[in-house]
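>>> next come a sequence and a model predicted from it.
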Amino acid sequence: MTKLFSLMLLIAITGLSGCSTIEGAGKDIQSGGESVSDAARSVRGDM
């Protein structure tokens, strides 16, 4: 019973840390997209 509980706890901790990592990656991708959009606006404004 203790082994089962330990395994379930390990899976829960891993899952929760994965959510945080995915959220951080999403923010990084969004920031990169905004940078590309800003550069495109700048080039379009110079034309």
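Received the coordinates, thanks.
>>> show me the helices in this protein, by range?
2-46 (DSSP state H).
>>> point out where it drops to low pLDDT.
Judged by pLDDT under 70, the chain has its weakly predicted residues at 15-16, 18-20.
>>> switch to 90 and redo it
Applying pLDDT under 90 to the chain flags residues 1-29, 31-47.
>>> nearest the geometric middle of it, what residue?
Closest to where the C-alpha atoms of the chain average out (CA atoms, centre = their mean) is residue 25, at 2.4 Å.
>>> tell me who's in contact with that one.
By CB atoms under 8 Å, 6 or more residues apart in numbering, no residues touch residue 25. Where C-beta positions appear, they are placed from N, C-alpha and C, glycine not excepted.
>>> if I look at it, how far off is residue 7?
27 Å (CB to CB, to the nearest Å).
>>> same check on residue 26?
Residue 26 sits 29 Å away from residue 7, going by CB to CB.
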